[in-house]
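Student: Below is the sequence, then the predicted model.
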Amino acid sequence: MSDEVEVVDAELVDDDHLPAVIGLAPAARPVVDRHTILMPGETLPTADDQPRYTERDLYVSEETAERLKNHAQPKNTNRNYRSQRGIFERWCEDMGRVARPCTTATFIEYVASMIARDASPNTISAHMSAIRTWMPDDKKPGTAVARGMLNEHRKDWGKRKGVRKAPAITDDMLRAMVETCDLRHPIGIRDRCALLLGRGALNRRIELADLAVPEVLVDDDFVTLLIAYSKTDQAGVGVHTDIPAEPGDPLMCPVRATRDWLNMLHRLGVREGAFFRALTVAGTLQSRATATERGDFVTGDAVNDWVRGRAHKAGLENWQSITGHGLRRGGAQAIADAGGDPTDQGRWKPGSAVVKREYLDRARSRAENPWLQVQAKRREETRGSGQ
């Protein structure tokens, strides 16, 4: 039996033109940096260990894109950021620098130029935030040097300019302002309600402007406001704030003021939507056909105008500097002076340094003022001499 021979097809080649030898596959590239931490026995992570992304991992849906466009930042923040970034872009163009992504040196130089123009520290800080958040995540400029310059500027600014704050609206000032409200006219009814709710709930002006009709609940003893979104509630969880009635003082009673305004809204045909409305001089609803994106909701600036207008009508000496924030400041100080803590009522974060510094410490300092002891002693001496 003959041996079987296996025949294999092969290509005949010249000796000096042998087929290229297939080399070994290159080793996978390690993926490490100075932050990598490995436990004993672990192998170096390599590029082959990384996930393989496809287009599905990178795109968002049209619905999500619309949500991001509309809600990624508060509308006021978006508008301010666009303006600040535009200013930075034009400055970079004039300076022959790249705006996006910018280098740390460009970022520092821009901050230095704003300091040289004596811009306020808060303005500079806002520009810095707008610029950094505009940059790709992996190409943001360093902030250490710029922050150091800003801190020095802030100290100098404070010495030269002083800290200017809206004056607190005291009880006497509030009463004088409310007394200017003509309760026979829709504007007077609205302004009285805004003053008493702003003071009672320690509202920020935008919180008043953003109130909707369903977010205002009234019973015999309290007005309850649902603050759906605030500075310290960026997620929009919402919080209820209660304002007690003033049964012995009908003019200054938040419950009565709120009921009066709700009744007026009903007469004006308003059952839902914005709680505070823009009115004509005649007391009818202003047309909002050409209004901004806020629609029927007024702006925080409008609330400021109402408050300042009442201060002017009341003949307050410093009416030009009074703003809606004075309601918040005055109410918080009144609570602190009475021995209370305004943190929850004003929706500050627990342990807020602002509350401690601006209200609680100030109230304690007033209560413990040594001149009060002198006055008390004088009263005792007067009573003693009279006996």
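Tutor: In hand now; what should we look at?
Student: Show the backbone phi and psi for residue 274.
Tutor: Here is the backbone geometry of residue 274 (degrees, to the nearest 10): phi -60, psi 140.
Student: Beta-bridge partners for it, please?
Tutor: residue 212 (DSSP bridges).
Student: Check the gap between it and residue 149 for me.
Tutor: With distances taken as Cβ to Cβ, to the nearest Å, residue 274 is found 43 Å from residue 149. For the C-beta atoms, the positions are set from N, CA and C on the backbone; glycine is no exception.
Student: Equivalent analysis for residue 131, please.
Tutor: Relative to residue 149, and taking Cβ to Cβ, residue 131 is found at 15 Å.
Student: quick one, helices of the stretch 201-350 of the chain?
Tutor: 205-209, 254-267, 300-313, 325-337 (DSSP state H, counting those that start in this stretch).
Student: So, low pLDDT: which residues of the stretch 101-250 of the chain?
Tutor: Within the stretch 101-250 of the chain, the set of residues satisfying pLDDT under 70 comprises 162-164, 230-237.
Student: Tell me where it has strands.
Tutor: Secondary structure of the stretch 101-250 of the chain (DSSP state E, counting those that start in this stretch): strands located at 216-218, 222-227, 239-244.
Student: which ones are touching the closest residue to residue 38 other than its chain neighbours?
Tutor: Nearest residue to residue 38, sequence neighbours excluded (Cβ to Cβ, 6 or more residues apart in numbering): residue 44, at 7.3 Å. With contact set as Cβ atoms under 8 Å, 6 or more residues apart in numbering, residue 44 has these partners: 30, 32, 38.
Student: Can you tell me how far residue 44 is from residue 253?
Tutor: Counting by Cβ to Cβ, the gap from residue 44 to residue 253 is 73 Å.
Student: now do residue 351
Tutor: With Cβ to Cβ as the criterion, residue 351 and residue 253 are 33 Å apart.
Student: Could you check which of the two is surrounded by more residues?
Tutor: Neighbours per residue (other Cβ atoms under 10 Å) separate residue 351 from residue 253, with residue 253 holding more: 20 against 8.
Student: longest helix of this structure?
Tutor: helix 75-95 (DSSP state H).
Student: helices or strands up against it?
Tutor: Contact here means 3 or more Cβ pairs under 8 Å, 6 or more residues apart in numbering; DSSP states H and E; on that basis helix 75-95 packs against helix 104-116, helix 121-134.
Student: would you list the ones you listed in a markdown table and tack on mean neighbour count and distance to residue 179?
Tutor: Below are the helices and strands packed on helix 75-95 laid out as a markdown table (neighbours: other Cβ atoms under 10 Å; distance: least, Cβ to Cβ, whole Å):
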| stretch | mean neighbour count | distance to residue 179 |
| --- | --- | --- |
| helix 104-116 | 18 | 45 |
| helix 121-134 | 17 | 35 |
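Student: Present those helices as TSV; the columns should include distance to residue 309.
Tutor: Output for these, formatted as TSV (distance: least, Cβ to Cβ, whole Å):
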stretch	distance to residue 309
helix 104-116	34
helix 121-134	26
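Student: Indicate which one of these is closest to residue 154.
Tutor: Of all these, helix 121-134 sits nearest to residue 154, with 4.1 Å by Cβ to Cβ.
Student: From the rest of the structure, what touches that closest one?
Tutor: With Cβ under 8 Å, 6+ apart, helix 121-134 has contacts from 80-81, 84-85, 87-88, 100, 102, 107, 110-111, 114-115, 140-141, 143, 146, 150, 153-154, 157.
Student: ok, now stretch 240-260?
Tutor: 174-175, 178-179, 183, 189, 192-193, 196-197, 200-202, 216, 218-227, 345, 347.
Student: if you set the cut-off to 7 Å instead, what comes out?
Tutor: 175, 178, 183, 189, 192-193, 196-197, 200-201, 216, 218, 221-227, 345, 347 (Cβ atoms under 7 Å, 6 or more residues apart in numbering).
Student: what distance separates it from the centre of its chain?
Tutor: 28 Å (Cα atoms, centre = their mean, to the nearest Å).
Student: repeat for stretch 262-270
Tutor: That offset, for stretch 262-270, works out to 31 Å (Cα atoms, centre = their mean).
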